[in-house]
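> my questions concern the predicted model and sequence given below.
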Amino acid sequence: VTKNAPQMAIIQLGQAFKNFFKKKASYPRFKKKWVNDSFTITNDQFTVKDSRIRIPLLGWVRMHESLRFIGKIVSATISRVAKKWFVSISVEMLDENPRSANENQVAVGVDLGILSFATLSTGEIIEGPKPHKRLLSRIRRLSKSLSRKQKGSNNRHKAKQKLSTLHYRISNIRRDAQHKLTTRLVNDFDIMGIETLHVKNMMKNRKLSRSIADMGWFEFRRQLEYKAAAEGKAVIVADKWFASSKICSHCTHKRESLPLSVRTWICPDCATTHDRDINAAINLKNMAVSSTVSATLLKQSDAHACGAPANGIAA
C-alpha cells in the first residue's frame, strides 16, 4: 500500500486518543479485517479528473459521478461497504453567501417515537420505514444459511456477501428517510426543538432495543444539526429532565407520572384532552421559542451594557 495510508492512520490514532482523554469517546481499538475497511490519503497522493481518480499504486479508477464541489481538495478516504467501494473527498470551500434565518422565525417541535418515527407540533405524524423489522425474516434466513457454511469456504464467502448486501440495503432505506425528513424540516422551519435521548441507555431495554435501533435517532439528530448550521437555522435541544410528555401544553400543569402505555390523557386542571406525542411536540416547540427569545434578549442586554458609559459619565 502507499506509505500515506499508515501515516494517516497514526494521525487518526492521535486524534482518537485526544477524544478519549477529553472523555468524548471510548478507548481506541484496532480495526478488524473485513469490518469497516478504509484508508485515507492526502491531497498530494491522488488526482481527480472528471469522473476518475488516480489512487497510488492502483492507477486511474472510474467514479460513478464527478466531483460536484469547487475548492481546495484536502484528503480522500476510500472505504468498502458490502460489495461497493466509495471515495469520500474532503473539499475546503468558502461560503460566499452565508445564509441567515427568516425574520418570522417559524418554529416546530419534533417528538421522536417508536410507533411513529416523528410527530411534529403541527399535528403531522411521520411514519418511519422500519426496514429492519420489514426485512427481519430475510435476515434470519440468510444468517442461518451463513452459519451452516464451512469456515473458509467459497460458499461461506458468498453467503456473507449476501447478508452484508442486505444490511447495506437496510441502512440505505433508513438513511434515505432521515435525509428527506431533516432536509424538509430545515427548509420549512427556522427553529426546531428536539428532546435529549440517551440512546445507549435506552438500548438496554430488551423489549424495545430492536425498535429503537431501527429508528436511528442519533443519526437523525446529527443530520438535523449540521444541516441547520449550514442554513443558518437553530436546533434547540431540551434538557434531559424536561418532561415534554407530562406537561400540559395548554395550562402547563405537570403530571406526576405517565406510563408509556398511556397514549392519551386529560389534564385535571383545564380538562384538555392530549395526544401524548403531539402534546410533547408542542411543548418542545414552546421550549425552543422561549430559549431563542431569551438568548436574543441576553445578546441585546450585553450589547447595551458594552455601549453604556461607565458611572453614567459620557466620554
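All right, it came through fine.

> the stretch 101-250 of the chain: strands as residue ranges?
Assigned by DSSP state E, counting those that start in this stretch, the strands in the stretch 101-250 of the chain fall at 107-112, 118-120, 125-126, 191-194, 234-237.

> please name whichever of these is nearest to residue 169.
Checking those against residue 169 by Cβ to Cβ gives strand 125-126 as the closest, at 21.3 Å. Just so you know, the C-beta spots here come from the backbone N, C-alpha and C atoms, and that holds for glycine as well.

> tabulate the strands of the stretch 101-250 of the chain (a markdown table), appending mean pLDDT, distance to residue 18 and mean neighbour count.
A markdown table is the format used below for the strands of the stretch 101-250 of the chain (pLDDT from 0 to 100; distance: least, Cβ to Cβ, whole Å; neighbours: other Cβ atoms under 10 Å):
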| stretch | mean pLDDT | distance to residue 18 | mean neighbour count |
| --- | --- | --- | --- |
| strand 107-112 | 91 | 31 | 24 |
| strand 118-120 | 91 | 34 | 24 |
| strand 125-126 | 91 | 38 | 17 |
| strand 191-194 | 92 | 28 | 26 |
| strand 234-237 | 91 | 24 | 19 |
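
> quick one: closest of these to residue 147.
With Cβ to Cβ as the yardstick, what comes closest out of those is strand 107-112 (34.5 Å).

> list the strands paired with that closest one, with their directions.
Each strand paired with strand 107-112, and its direction, by DSSP bridges: strand 118-120 (antiparallel), strand 191-194 (parallel).

> adding distance to residue 44, write the strands of the stretch 101-250 of the chain out as CSV.
Converted to CSV, these look like this (distance: least, Cβ to Cβ, whole Å):
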stretch, distance to residue 44
strand 107-112, 44
strand 118-120, 44
strand 125-126, 45
strand 191-194, 41
strand 234-237, 37
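
> which residues in the chain form helices?
Using DSSP state H, the helices found in the chain span residues 4-21, 131-134, 136-147, 154-188, 199-202, 209-215, 217-231, 276-307.

> mind checking the ones you listed for the one nearest to residue 118?
helix 154-188 (6.6 Å).

> could I get the buried residue list for that closest one?
Neighbour-count burial for helix 154-188 flags 156, 159-160, 162-164, 166-167, 170-171, 173-174, 177-178, 181-182, 185-186 (criterion: 16 or more other Cβ atoms under 10 Å).

> and for stretch 38-50?
38-41, 43, 45-46, 48.

> nearest to residue 78, out of the helices of the chain?
If you check each of the helices of the chain against residue 78 by Cβ to Cβ, helix 4-21 wins as the nearest, at 9.2 Å.

> could you give the average pLDDT over the closest one?
Averaged across helix 4-21, pLDDT comes to 94.

> buried stuff in that helix?
4-5, 8, 16.

> where in this structure is pLDDT low?
Along the chain, segments meeting pLDDT under 70 span 96-105, 293-315.

> and the residue lying closest to residue 270 once chain neighbours are set aside, how close does it get to residue 243?
Leaving aside its chain neighbours, residue 270 sits nearest to residue 251 (4.3 Å; criterion: Cβ to Cβ, 6 or more residues apart in numbering). Look at residue 251 and residue 243: by Cβ to Cβ, to the nearest Å, they are 15 Å apart.

> mind listing what residue 177 touches?
117, 128-129 (Cβ atoms under 8 Å, 6 or more residues apart in numbering).

> on that earlier part again, for the residue nearest to residue 270, which residues are in contact?
So residue 251 contacts 267, 269-270, 272 (Cβ under 8 Å, 6+ apart).

> centre of the chain to stretch 208-226, how far?
Offset of stretch 208-226 from its chain centre (Cα atoms, centre = their mean, to the nearest Å): 7 Å.

> for that stretch, which outside residues touch it?
By Cβ under 8 Å, 6+ apart, stretch 208-226 touches 112, 114, 117-118, 128, 130-133, 174-175, 178-179, 181-182, 185-186, 192, 194, 197, 199, 202-203, 205, 235, 237.

> my guess is residue 227 contacts residue 186. True?
Yes - counting by Cβ atoms under 8 Å, residue 186 is a contact partner of residue 227 at 4.7 Å.

> so what's residue 130 up against?
Counted by Cβ under 8 Å, 6+ apart, residue 130 has contacts 211, 214-215.

> same check, this time on residue 151
Counting by Cβ under 8 Å, 6+ apart, residue 151 has no contacts.

> for it, give its distance to residue 167.
20 Å.

> just residue 38 next, same as before
Taking Cβ to Cβ as the measure, residue 38 and residue 167 are separated by 17 Å.
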